[in-house]
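K.L.:
Predicted coordinates and the sequence they were generated for:
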Amino acid sequence: MRTLTLNHEYSEALSDFLLRLADVSTWQSLGSEAHAERIDPDTEVTVKTPMPKSEMPSALASRLPADAELVEVYMIPGDVIGDSAEIRMTAHAAGVPVEIDALIALVQNGSGTSLAVRAEVSSSIPLFGSMIEQAVVPILEKRLADRLAKLEHS
């Protein structure tokens, strides 16, 4: 298992930021397909993003289906008590033997929001799992960092 951590600062208040994450149009503006389901008081958001083979190591890309996509499921809290919240995210891609489990911690920081992501990337493939994890983590880190930056401007 490999661990990935990222941090980002946003200029909007925590409650406004959570509302935006629960809105499918936010994810659509980032080039993903999204669907939201209210599970009172929370919102489960499923996000599907194409995975271009050009971003993958060639050994992995050759085994991916032509229309491979990353499927992420976020549980966005609807009620926030105090100045912090946590979002759980799981992700997988068909044809890629990797699971991602992340905890996204959000904290009200003055008039803005601080975000910290801790993601665990694991593969269940005997002998080759660690090599697959090692190949996927830099790709995930780049895509996640890009997305976090784009969220500021969406």
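P.N.:
Perfect, I can see it now.

K.L.:
residues in contact with the helix or strand where Q134 lies?
P.N.:
Using DSSP states H and E, Q134 sits in helix 129-153. Where contact means C-beta atoms under 8 Å, 6 or more residues apart in numbering, the residues beyond helix 129-153 that reach it are 1-2, 4, 6, 8, 10-11, 20, 26, 30, 55-57, 59-60, 96-98, 100, 115, 117, 119, 121-123, 125. The way it works is simple: take the backbone N, C-alpha and C, and place the C-beta from them, glycine included.

K.L.:
what do you get if the cut-off is 7 Å, keeping everything else the same?
P.N.:
Residues outside helix 129-153 that contact it (C-beta atoms under 7 Å, 6 or more residues apart in numbering): 1-2, 4, 6, 8, 10, 30, 55-57, 60, 97-98, 100, 115, 117, 121-123, 125.

K.L.:
for that helix, which positions count as buried?
P.N.:
I132, E133, A135, V136, V137, L140, E141, L144, R147, L148, L151 (16 or more other C-beta atoms under 10 Å).

K.L.:
Stretch 20-29 too?
P.N.:
Result for stretch 20-29 [16+ other C-beta under 10 Å]: buried residues R20, L21, A22, D23, V24, T26, W27.

K.L.:
What of stretch 100-113?
P.N.:
For stretch 100-113, by 16+ other C-beta under 10 Å, it's I100, A102, I104, L106, Q108, G112, T113.

K.L.:
want to throw those residues into JSON lines with secondary structure?
P.N.:
Converted to JSON lines, these look like this (DSSP: H, G, I helix; E, B strand; the rest coil):
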{"residue": "I100", "secondary structure": "strand"}
{"residue": "A102", "secondary structure": "strand"}
{"residue": "I104", "secondary structure": "strand"}
{"residue": "L106", "secondary structure": "strand"}
{"residue": "Q108", "secondary structure": "strand"}
{"residue": "G112", "secondary structure": "strand"}
{"residue": "T113", "secondary structure": "strand"}
